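Chemist: Sequence and predicted model, in that order:
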Amino acid sequence: MTADVGSAPRSTPEPEPVPAPDGPMPRQIKVVLALLLVASFVVILNETIMGVALPSLMTELGISAASAQWLTTAFLLTMAVVIPMTGLILQRFTTRTVFIAAMSLFTAGTLLAAAAPGFGLLVVARVVQASGTAVMLPLLTTTVLTFVPASRRGRTMGLITIVIAVAPAIGPTFSGLILSALSWRWLFLIVLPIAALSLVTGSVLVKNVTTPRPVRFDVPSILLSATAFGGLIYGLSSIGEATQGHTPVPPAVPIVVGAAALVVFVLRQLRLQRRDAALLDLRPFRSRPFVLGIIVLLISMGALFGTLILLPIYLQDVLGLTTLETGLLLLPGGATMGLMAPLVGRAFDRVGPRPLVIPGTFVVTGALALMTLLDESSPVPLVLALHVSLTVGLSFVMTPLMTSALGSLGTSLYSHGSAIMSTLQQLAGAAGTALFITIMTTGTVEHTAAGLDEVAAQAAGIHSAFLCGAALAVVAALTSLLVRRPPTTPEQLPAH
């Protein structure tokens, strides 16, 4: 039984004209895309800024590491619950309505976090922030796919790569620079005026560029989605804490519950999509370019987030660098990816994904393989060079795969394809982090028991984690050999 939550929009605003396949974009579309890019970068940046701040928060608020971790976990859980619903949200409401709602939530959450008197309200603020963040990226991606001509889509999707990969990558650097001189509240106070300005500017300049249609939200699907993706994200995110005995619930419990709910959720969506009533339409998986792109992209995202969590540990605990030095050392990699993304996007428009993705995956594999050589005596310039090499390889992978995978879908499936990709990226990030941390922790314990000192044992554990990452990258590299240029006309996938 499908429950109709809320009423359908009463009036249908007239959308701006959609450009011809290879024609110039109207100025209104350019304004909307520019505002969405800026706003998305700001909100995604907040995904990773709390990691470096946790020690300061633990001291000032008097909380344990296990409690402080909820500031990141609650954010990820909210993202996992909200993102699967964005496919229908973007069909039911106009671009302007969704933008204002998302930025209002994010701005309110940022204000609440800056003023939070204690830990409990700070967690609530992070949940409110994440509720807005979850909608922004699918909104941006769907708008690009709908209105940007196919011949220019690669360079525009390259800008989205900056949001997806660079914003989380420079989050720790941003935190390190602020916390070296100011309190943790400034992490939110600095972002607040930017978020508020984006909200006010968008309220004035963003017009309705889509035509909403009355669609229904299936309540059982929403509950199953929240249980499935929330359980998986929570379970995967808590594996690292469980290895140190800090979790009240064994990670296997939420993972098993989440996996079971996911099976039921998928079966329900397959049934509902026959009458175009699914919360998350799964027909994009019938597109071969979409499936291949998702596989390689998810392995790459797992490698990126696993490396982002592992390298700071290595630099601080093994090489003895400070938080600020670590943040500055990781900055060139994030900046490189940001500079490369538009260039790779333009190259994609000329040559397609294959000549870019294949060498990119092999560069990623090589960088992770060489990271297995890092030990307690490795020079810092070598770490810098390997990190930059990894980001260069990822730059050649992410933009082409996102563009070709989503571009292979029909227009009616853009919002669902974007929601699927964003949801799975959250899972990949959590899985990559959990995998790298678990292998590192297990290896460290084993080598400590074997008689190595603390620093050497930590280095050996990190070696094992990067070795596993390199093995996964080999799978991505071999899969990339199957990638082809998507058809000029997106596939019209069958309804049943």
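Modeler: Cool, the structure landed. Values in this document were obtained by computation on a predicted structure and should not be read as measured data. Residues are numbered from 1 along each chain as shown.

Chemist: List the residues that contact the closest residue in space to Ala259 that isn't next to it in sequence.
Modeler: In space, Ala259 comes closest to Leu232 once its chain neighbours are excluded; the distance is 6.8 Å by CB to CB, 6 or more residues apart in numbering. Using the backbone N, CA and C atoms, a C-beta is placed for each residue, glycine as well. Shown in contact with Leu232 (CB atoms under 8 Å, 6 or more residues apart in numbering): 80, 254-255, 258-259, 262, 427, 430.

Chemist: how much space between Leu232 and Leu368?
Modeler: 24 Å (CB to CB, to the nearest Å).

Chemist: Then Ser378?
Modeler: The gap separating Ser378 from Leu368 is 15 Å, by CB to CB.

Chemist: Give me the more crowded residue out of those two.
Modeler: Leu368 (26 against 16; other CB atoms under 10 Å).

Chemist: For the more buried one, give me its contacts.
Modeler: Counting by CB under 8 Å, 6+ apart, Leu368 touches 303, 307, 390, 466, 469-470, 473.

Chemist: low pLDDT regions in the protein?
Modeler: 1-26, 51-52, 64-66, 165, 169, 208-210, 240-248, 486-496 (pLDDT under 70).

Chemist: what domains does the record give for it?
Modeler: Here the domain assignment for the chain is 26-212, 218-278, 284-496, based on automatic domain parsing.

Chemist: picking up where we left off before, using the three-state scheme, assign the residue nearest to Ala259.
Modeler: Look at Leu232: counting by DSSP: H, G, I helix; E, B strand; the rest coil, its state is helix.

Chemist: Tell me how far Val32 lies from Val163.
Modeler: Plainly put, Val32 is 15 Å away from Val163 if you go by CB to CB.

Chemist: wait, doesn't Leu427 sit right on Gly231?
Modeler: No: contact criterion CB atoms under 8 Å: Leu427 and Gly231 do not qualify, at 11.0 Å.

Chemist: Now do the helices in the stretch 201-350 of the chain.
Modeler: Remark: helices assigned in the stretch 201-350 of the chain by DSSP state H, counting those that start in this stretch are 219-237, 239-242, 252-272, 288-313, 323-351.

Chemist: between those, which gets nearest to Thr372?
Modeler: helix 288-313 (11.6 Å; CB to CB).

Chemist: If you count neighbours, what's buried in that closest one?
Modeler: Across helix 288-313, burial judged by 16 or more other CB atoms under 10 Å covers 289-290, 292-313.

Chemist: With stretch 254-266 instead?
Modeler: Under the neighbour-count criterion of 16+ other CB under 10 Å, stretch 254-266 has 254-255, 257-258, 261-262, 265 buried.

Chemist: go on, stretch 440-452?
Modeler: Of the residues in stretch 440-452, 440-441, 443-444, 447-448, 452 count as buried by neighbour count, 16+ other CB under 10 Å.

Chemist: Next: stretch 81-91.
Modeler: Buried-residue list, stretch 81-91, by 16+ other CB under 10 Å: 81-91.

Chemist: Over to stretch 190-207?
Modeler: Of the residues in stretch 190-207, those buried (16+ other CB under 10 Å) are 191-192, 194-196, 198-199, 201-202, 206.

Chemist: same deal with stretch 45-64?
Modeler: Buried residues in stretch 45-64, counting neighbours by 16+ other CB under 10 Å, are found at 45-54, 56-58, 61, 63.

Chemist: Out of those, list just those in helices.
Modeler: 45, 50-54, 56-58, 61 (DSSP state H).

Chemist: quick check, nearest of these to Leu356?
Modeler: Of these, the one sitting nearest to Leu356 (CB to CB) turns out to be Leu45, at 26.1 Å.

Chemist: out of everything not next to it in sequence, what's closest to the closest one?
Modeler: Ala167 (4.4 Å).

Chemist: wait, isn't the one you found in contact with Val38?
Modeler: No: when contacts are counted by CB under 8 Å, Ala167 is not listed as touching Val38 (11.1 Å).

Chemist: quick one: which of the two has more around it?
Modeler: Neighbour count, other CB under 10 Å: between Ala167 and Val38, Ala167 has more, with 22 against 16.

Chemist: quick one: contacts for the more buried one?
Modeler: 40-41, 44-45, 47.

Chemist: how about JSON lines for those residues, with distance to Leu328 added?
Modeler: Compiled in JSON lines, these are given as follows (distance: CB to CB, whole Å):
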{"residue": "Ser40", "distance to Leu328": "25"}
{"residue": "Phe41", "distance to Leu328": "20"}
{"residue": "Ile44", "distance to Leu328": "21"}
{"residue": "Leu45", "distance to Leu328": "17"}
{"residue": "Glu47", "distance to Leu328": "20"}
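
Chemist: which among those gets closest to Ala457?
Modeler: Distance to Ala457, by CB to CB, is smallest for Glu47 among the contacts of Ala167, at 30.4 Å.

Chemist: In this structure that closest one contacts Phe174, no?
Modeler: No: Glu47 is beyond contact range of Phe174, at 11.4 Å (criterion: CB under 8 Å).

Chemist: so the helix of greatest length in the chain versus helix 252-272, what angle?
Modeler: Under DSSP H, the helix in the chain containing the largest number of residues is helix 414-449. Angle, helix 414-449 to helix 252-272, by axes from the mean of the first three to the mean of the last three CA atoms, to 10 degrees: 160 degrees.

Chemist: mind listing what's buried in helix 414-449?
Modeler: 414-441, 443-444, 447-448.

Chemist: How much space separates the residue nearest to Leu45 from Thr161?
Modeler: 10 Å.

Chemist: same deal with Glu446?
Modeler: Remark: distance between Glu446 and Thr161 (CB to CB) = 38 Å.

Chemist: likewise Ala34?
Modeler: Per CB to CB, Ala34 is found 16 Å from Thr161.

Chemist: So which of those two has more stuff around it?
Modeler: Just comparing Ala34 and Thr161: by other CB under 10 Å the higher neighbour count belongs to Thr161, 25 against 13.

Chemist: Not counting sequence-adjacent ones, nearest residue to that one?
Modeler: Of all residues not flanking Thr161 in the chain, Ala341 sits nearest, at 4.1 Å (CB to CB, 6+ apart).

Chemist: How about the host helix or strand of Leu112, which residues are buried there?
Modeler: In this assignment (DSSP states H and E), Leu112 forms part of helix 95-115. By 16+ other CB under 10 Å, the buried positions in helix 95-115 come out as 95-100, 102-114.

Chemist: how far is stretch 321-336 from where the chain is centred?
Modeler: In terms of CA atoms, centre = their mean, to the nearest Å, the centre of stretch 321-336 is found 20 Å from the chain centre.

Chemist: List the buried residues of that stretch.
Modeler: Within stretch 321-336, the residues that count as buried by 16+ other CB under 10 Å are 321, 323-327, 329-331, 333-336.

Chemist: In CSV: those, plus distance to Ala125.
Modeler: Converted to CSV, the buried residues of stretch 321-336 look like this (distance: CB to CB, whole Å):
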residue, distance to Ala125
Leu321, 31
Thr323, 23
Leu324, 26
Glu325, 30
Thr326, 26
Gly327, 23
Leu329, 30
Leu330, 26
Leu331, 27
Gly333, 30
Gly334, 25
Ala335, 29
Thr336, 32
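
Chemist: Could you find which two of those residues are furthest from each other?
Modeler: Spatially, the most separated pair among the buried residues of stretch 321-336 is Thr323 and Thr336, at 21.5 Å (CB to CB).

Chemist: can you count the residues close to Gly410?
Modeler: The number of residues packed near Gly410 is 15, by other CB under 10 Å.

Chemist: any idea how far it lies from Thr146?
Modeler: Gly410 is 11 Å from Thr146, by CB to CB.
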